[in-house]
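> Fold the stuff below for me.
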Amino acid sequence: MSDSPYVPPKVWTPEAPSGGHFASINRPVAGPTHDKVLPKGRHPFQLYSLATPNGVKVSVLLEELLALGHTGAEYDAWPIRISEGDQFSSGFVDVNPNSKIPALMDYSGDTPIRLFESGSILLHLAEKFGAFLPTDTASRAETLNWLFWQMGAAPYLGGGFGHFYAYAPEKLQYPIDRFTMEAKRQLDVLNRCLAERPYLAGDTYTIADIAVWPWYGELVRGNLYSAAEFLAVHEYTHVVRWANEIAERPAVKRGRRVNRLWGDEREQQAERHTATDLDR
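Numbers count the residues shown, from 1 in each chain. So this is what the prediction gives:
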């Protein structure tokens with residue numbers, strides 16, 4: 001790297017690879033790069049995902065719905081290997097033009113429905129099955145407050161802090177300090193909320209908790225970016241309590257394994273087509 005300060009050109013052009021962990025898949029345009037039809041199983045819901053924090057949200061909710069007895073929530077889960085560019089296939093782009101996981105096809109009605117953006121998927125499933133989303137106006141509003149808080153806040157944690165702390169090709173103090181400050185502020189926001197109530201929206205576990213936990217819960221449990229010590233997460237005692245309680249839910253344990261392709265082999269489940277796939 002040059003020691004000279006970077007001076008942005010008048011018009012940016014991608015003259016060289018961006019470097020870093022995701023250099024091979026970064027590009028400044030949308031659309032498919034190759035033709036490939038997505039696989040389809042026999043269940044009403046077809047999930048195309050990976051066990052990243054955003055992907056885990058949907059598989060956890062589907063497992064929670066099944067645990068409640070909603071048999072109509074049965075699903076097939078297919079891995080999208082983002083490091084290999086699966087998200088740029090023509091089939092995946094048809095479901096999600098933004099080429100990000102997770103994506104879901106709902107074939108349960110007369111007309112197939114495509115769903116992309118994890119918050120949209122959670123809201124669709126919660127409303128469809130009447131679960132994990134309160135029906136009274138005030139509680140519903142509070143649940144959606146925290147659901148949309150996560151959608152707006154997590155890019156600072158993942159694309160900001162996580163990128164510069166864990167993935168960037170060079171450690172730069174300014175962006176690391178900038179996004180560390182924001183990550184800790186967000187943890188403090190959660191900690192103050194959870195000091196007053198067991199779950200984010202009140203006394204009931206909702207899609208707000210399901211959305212926030214894979215990011216901030218796994219962060220304080222030491223399972224995201226290996227940054228727990230750096231962020232002094234032990235200071236956020238209420239977040240730690242909440243995170244550990246949710247981690248013990250059987251459906252969460254099952255859902256976080258779906259489309260997992262790394263780590264302990266006992267925790268991996270590349271595809272999921274029946275409940276017995278996760279029973280081992």
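> what's the closest non-adjacent residue to residue 97?
residue 30 (6.6 Å; CB to CB, 6 or more residues apart in numbering). (Each C-beta comes from the backbone N, C-alpha and C, glycine too.)
> can you check residue 126 too?
Excluding its sequence neighbours, the residue lying closest to residue 126 (CB to CB, 6+ apart) is residue 133, at 3.8 Å.
> which stretches of the stretch 51-200 of the chain form strands?
75-79, 103-106, 113-116 (DSSP state E, counting those that start in this stretch).
> re earlier: I'd say the residue nearest to residue 126 and residue 206 touch.
Yes. Residue 133 is in contact with residue 206 according to CB atoms under 8 Å; the separation is 6.2 Å.
> Neighbour count: these two, which is higher?
residue 206 (24 against 21; other CB atoms under 10 Å).
> Pretty sure the more buried one sits against residue 143.
Yes. Assessed by CB under 8 Å, residue 206 is found in contact with residue 143 at 4.6 Å.
> list residues touching both of these two?
With contacts defined as CB atoms under 8 Å, 6 or more residues apart in numbering, the residues shared by residue 206 and residue 143 are 133-134, 200.
> Make CSV out of those residues and add distance to residue 153 and pLDDT.
Below are the shared contacts of residue 206 and residue 143 laid out as CSV (distance: CB to CB, whole Å; pLDDT from 0 to 100):
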residue, distance to residue 153, pLDDT
133, 20, 98
134, 21, 98
200, 12, 98
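> Sketch out the low-pLDDT regions of the chain for me.
Applying pLDDT under 70 to the chain flags residues 1-3, 16-19.
> all helices of it, in order?
Using DSSP state H, the helices of the chain run over residues 53-67, 90-95, 118-129, 137-155, 173-194, 207-212, 218-220, 237-247, 250-255.
> count of residues packed around residue 9?
8.
> ok, it - contacts?
By CB under 8 Å, 6+ apart, the contact set of residue 9 is empty.
> burial measure for the closest residue to residue 253 other than its chain neighbours, as a count.
In this structure, residue 253 finds its nearest non-sequential neighbour in residue 247, 7.5 Å apart by CB to CB, 6+ apart. Residue 247: 15 surrounding residues under other CB under 10 Å.
> Pretty sure residue 247 sits against residue 220.
No. Contact between residue 247 and residue 220 fails when scored by CB under 8 Å: they sit 10.3 Å apart.
> In space, what's closest to the residue nearest the centre of the chain - neighbours in sequence excluded?
In the chain, the centroid-proximal residue (CA atoms, centre = their mean) is residue 54; its distance is 1.0 Å. In space, and not counting its chain neighbours, residue 54 is closest to residue 118: 4.8 Å by CB to CB, 6+ apart.
> what's the answer for residue 187, then?
Leaving aside its chain neighbours, residue 187 sits nearest to residue 236 (4.8 Å; criterion: CB to CB, 6+ apart).
> count of residues packed around that neighbour?
24.
> hang on, the earlier thing: give the residues shared as contacts by residue 133 and residue 206.
Shared contacts of residue 133 and residue 206, defined by CB under 8 Å, 6+ apart, comprise 126, 143.
> re the thing from before, quick check, nearest of the shared contacts of residue 206 and residue 143 to residue 72?
Lowest distance from residue 72 to the shared contacts of residue 206 and residue 143 (CB to CB) belongs to residue 133, with 16.3 Å.
> OK, contacts around that closest one?
Counting by CB under 8 Å, 6+ apart, residue 133 touches 123, 126-127, 140, 143, 206-207.
> could you redo the last one with a cut-off of 6 Å?
Shown in contact with residue 133 (CB atoms under 6 Å, 6 or more residues apart in numbering): 126, 143, 207.
> returning to what we had before: ok, so what distance separates the residue nearest to residue 54 from residue 72?
Distance, residue 118 to residue 72, by CB to CB, to the nearest Å: 20 Å.
> Tell me which of those two has more neighbours.
Higher neighbour count among residue 118 and residue 72: residue 118, with 30 against 14, using other CB under 10 Å.
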